[in-house]
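[1] Any chance you can model this:
(one chain, ligands or ions: 1)
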Amino acid sequence: MNNSVIITNAVMSTPLGRSARKGADMASLHTVEKAAIVVTDGVIDYAGPQSDMPAVTDESRYSHIDAGGCAVLPGFVDSHTHLIFGGYRPDEFEWRLKGDSYMSIMERGGGIQSTVNATRTESAEALARKAQWFIDRMAAMGVTTVEAKSGYGLDTATELKMLDAIDRLASDPNQKLRIVATFLGAHAVPKEYKGRTAEYVDLMISEMLPAVKGKARFCDIFTEKNVFEIEDSRRFLKAAREAGFKLKLHADEIVTLGGAELAAELGAVSADHLLHVSDQGVEDMAAAGVVATLLPLTAFTLKEPYAPARKFIDSGAAVALATDLNPGSCFSGSIPLTIALACIYMNMTIEETITALTINGAAAVDLAERTGSLEQGKDADIIILNTDNYRMLPYYVGMNCVRTVISRGRVVAKND
Ligand SMILES: [Zn+2]
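    Residues are numbered from 1 along each chain as shown. Next up is the predicted model:
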């Protein structure tokens with residue numbers, strides 16, 4: 001398939017760099033009004049003024065896209081999803097509408113455990129097929145990299161099956177997106193270990209970590225009151241780090257517990273959710289360079305207060321935005337709605353929002369060297385909007401204004 005392409009007549013805007021943009025830097029996008037991008041074999045050779053575009057040898061191997069004066073941005077990175085799961089939980093959604101809380105449903109055996117029961121009965125092939133439906137829709141919204149977590153197995157065999165499903169998707173030569181795997185065996189304490197959290201942590205350390213080694217780039221944990229509290233989280237994450245995994249945490253989502261501080265202490269790549277982060281946690285994460293991955297669709301769905309994006313940015317931290325697509329607390333992978341909520345309710349500027357969904361999302365999955373900006377040497381993950389002005393993105397509340405999506409040099413979605 002052709003992955004060499006020349007894009008002309010673009011209004012190109014992109015963050016710059018090969019690491020997360022922090023604090024005030026998040027607002028700065030590099031814009032070229034009449035730009036061209038040359039992509040050879042899936043990699044950007046040139047991104048800059050069309051007037052300075054170098055001549056290519058063997059022009060016949062390049063396809064040509066005239067952007068028609070429309071805005072061109074880096075592809076989006078959705079750096080926090082639970083893409084692989086069995087079953088659905090519409091009944092719980094209705095219970096919550098009637099006043100049940102997410103944690104009370106979880107405590108009586110619903111919630112994550114309900115998806116675990118369904119996931120244990122599905123084949124890897126069926127799980128992957130189901131996830132592809134979401135991937136196709138994500139691609140159409142401009143996502144070119146997605147992180148996918150295990151964590152609905154909570155036993156070694158099913159966690160491996162979920163990672164197998166992710167690998168089937170990631171290694172499919174026709175796959176539209178780049179997929180990054182995260183091991184989340186510490187998503188909940190399974191019913192078999194109810195009241196014996198420390199023993200489940202022992203099992204993860206002694207059996208699961210060696211089994212999933214090489215199949216996941218990250219190790220993640222749901223650090224929460226009455227789930228994995230700080231001491232269990234620290235013990236597990238230290239073992240994961242020693243085993244060679246990079247770290248992520250679901251931190252301070254439901255109550256203020258100190259997950260953000262722990263993420264900073266352990267040098268995690270990201271801490272995610274952070275609705276109830278303490279001021280100390282914000283400061284510690286900023287100082288340690290831990291990416292704050294904020295998930296406004298989850299706050300919206302659970303009717304919870306939004307995470308303090310401004311506090312993070314104004315403290316000099318790097319903020320990423322992601323969807324948290326999952327069958328329970330947030331059954332949405334909507335990038336357009338994420339953008340709108342970030343701007344309307346989290347008081348992020350559109351420039352900060354774009355940075356959060358591109359280079360900072362890439363940093364949150366440790367891929368800022370490869371993607372997240374339009375620069376020479378990076379993979380050609382590029383989106384073309386249907387408008388000349390990226391400031392239209394949040395104005396289209398919940399509607400998709402991405403026209404063309406290019407992933408590693410291949411056109412993977414066309415919306416016109
Ligand atoms: Zn999550």
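[2] can you list the weak-confidence ranges in the chain?
    1 (pLDDT under 70).
[3] From the recorded domain assignment, give the ranges for it.
    Following automatic domain parsing, the chain resolves into domains at 5-75+373-414, 77-364.
[4] so where do the strands sit in the stretch 151-300 of the chain?
    According to DSSP state E, counting those that start in this stretch, the stretch 151-300 of the chain carries its strands in the segments 178-186, 218-223, 246-251, 270-273, 291-294.
[5] rewinding a little: please identify the most buried of the domains of the chain.
    domain 77-364 (a mean of 21; mean count of other CB atoms under 10 Å). C-beta coordinates here come from the backbone N, C-alpha and C atoms, glycine included.
[6] End to end on that one, go ahead and measure it.
    9 Å (CA to CA, to the nearest Å).
[7] circling back to that earlier point, right, so of the strands of the stretch 151-300 of the chain, which gets closest to D324?
    D324 sits nearest to strand 270-273 of all the strands of the stretch 151-300 of the chain, at 7.9 Å, using CB to CB.
[8] tell me which strands and helices the closest one is in contact with?
    strand 246-251, helix 259-266, strand 291-294 (3 or more CB pairs under 8 Å, 6 or more residues apart in numbering; DSSP states H and E).
[9] quick one: contacts of it?
    79-80, 248-253, 259-260, 263-264, 285, 290-295, 298, 307, 320, 322, 324, 364 (CB atoms under 8 Å, 6 or more residues apart in numbering).
[10] Report the strands that pair with that strand, each with its relative direction.
    Partners of strand 270-273 in the sheet, by DSSP bridges, are strand 246-251 (parallel), strand 291-294 (parallel).
[11] Output the first one in CSV with nothing but the alpha carbons.
    In CSV, the C-alpha atoms belonging to strand 246-251 read as follows (Å, rounded to 0.1, in the frame of the first residue of the first chain):
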residue,chain,number,x,y,z
LYS,A,246,7.0,1.8,32.4
LEU,A,247,4.4,3.0,34.9
LYS,A,248,0.9,4.5,34.7
LEU,A,249,-1.6,5.1,37.5
HIS,A,250,-5.3,5.6,37.7
ALA,A,251,-4.9,8.2,40.5
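[12] That one vs helix 259-266, what angle?
    Strand 246-251 and helix 259-266 are oriented at 160 degrees to each other (axes from the mean of the first three to the mean of the last three CA atoms, to 10 degrees).
[13] now the angle from strand 246-251 to strand 218-223?
    20 degrees.
[14] about what we covered before: of all the strands of the stretch 151-300 of the chain, which one is nearest I313?
    Nearest of the strands of the stretch 151-300 of the chain (CB to CB): strand 291-294, 8.8 Å.
[15] still on that earlier bit, can I get the helices and strands packed on strand 270-273 in JSON lines with distance to F85?
    Shown next, in JSON lines, are these (distance: least, CB to CB, whole Å):
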{"stretch": "strand 246-251", "distance to F85": "16"}
{"stretch": "helix 259-266", "distance to F85": "23"}
{"stretch": "strand 291-294", "distance to F85": "20"}
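[16] Out of these, which is closest to A198?
    helix 259-266 (17.1 Å).
[17] for the spatially most central residue of the chain, what are its contacts?
    With distances taken as CA atoms, centre = their mean, the residue of the chain nearest its centroid is S79 (1.3 Å). S79 makes contact with 145, 147, 180, 270, 293, 320, 322, 361-362, 364-365, according to CB under 8 Å, 6+ apart.
[18] what about 10 Å?
    Counting by CB atoms under 10 Å, 6 or more residues apart in numbering, S79 touches 145-147, 180, 182, 218, 248, 269-270, 272, 291, 293, 295, 320-323, 356-357, 360-367.
[19] all strands of the stretch 1-150 of the chain, in order?
    5-14, 30-40, 43-49, 63-66, 71-74, 76-78, 143-149.
[20] Could you dump those into CSV with distance to K161 added?
    Converted to CSV, the strands of the stretch 1-150 of the chain look like this (distance: least, CB to CB, whole Å):
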stretch, distance to K161
strand 5-14, 37
strand 30-40, 36
strand 43-49, 34
strand 63-66, 39
strand 71-74, 33
strand 76-78, 22
strand 143-149, 13
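[21] quick one: D45 and V56 touch, right?
    Yes. If you go by CB atoms under 10 Å, D45 and V56 touch, sitting 7.8 Å apart.
[22] Quick check: neighbours shared by those two?
    4, 6, 38.
[23] hmm, back to that, quick check: which of the strands of the stretch 1-150 of the chain is nearest to S114?
    strand 143-149 (16.9 Å).
[24] thinking again about what came up before, so which of the strands of the stretch 151-300 of the chain is nearest D25?
    Going by CB to CB, the one of the strands of the stretch 151-300 of the chain nearest D25 is strand 291-294, 13.3 Å.
[25] Next up, the contacts around the nearest residue to A271 once chain neighbours are set aside.
    Excluding the flanking residues, the one nearest A271 by CB to CB, 6 or more residues apart in numbering is A263, at 3.6 Å. Counting by CB under 10 Å, 6+ apart, A263 touches 223, 233, 237, 247-249, 251-252, 269-272, 274, 277, 281, 284-285, 288, 290-292.
[26] Quick check: A263 vs Q175, distance?
    30 Å (CB to CB, to the nearest Å).
[27] sorry, back to before: out of the helices and strands packed on strand 270-273, flag the one nearest S373.
    strand 291-294 (15.3 Å).
[28] right, and G328 touches W95 too?
    No. Assessed by CB under 10 Å, G328 is found out of contact with W95, at 11.3 Å.
[29] Need the overlap of contacts for these two.
    What both G328 and W95 touch, as defined by CB under 10 Å, 6+ apart, is the set 89, 102, 105, 110.
[30] And these, which is closest to N415?
    R89 (29.8 Å).
[31] Now do the phi/psi pair for that closest one.
    The phi/psi pair for R89 (degrees, to the nearest 10) reads phi -130, psi 50.
[32] That one touches T119, doesn't it?
    No. Between R89 and T119 there is no contact under CB under 10 Å: 12.0 Å.
[33] Need the overlap of contacts for these two.
    112, 327.
[34] L160: which of the helices and strands packed on strand 270-273 is closest?
    strand 246-251 (19.2 Å).
[35] okay, the angle between that closest one and strand 143-149?
    80 degrees.
[36] Compute the inter-axis angle for strand 246-251 and strand 178-186.
    Using the same axes, to 10 degrees: strand 246-251 against strand 178-186 is 60 degrees.
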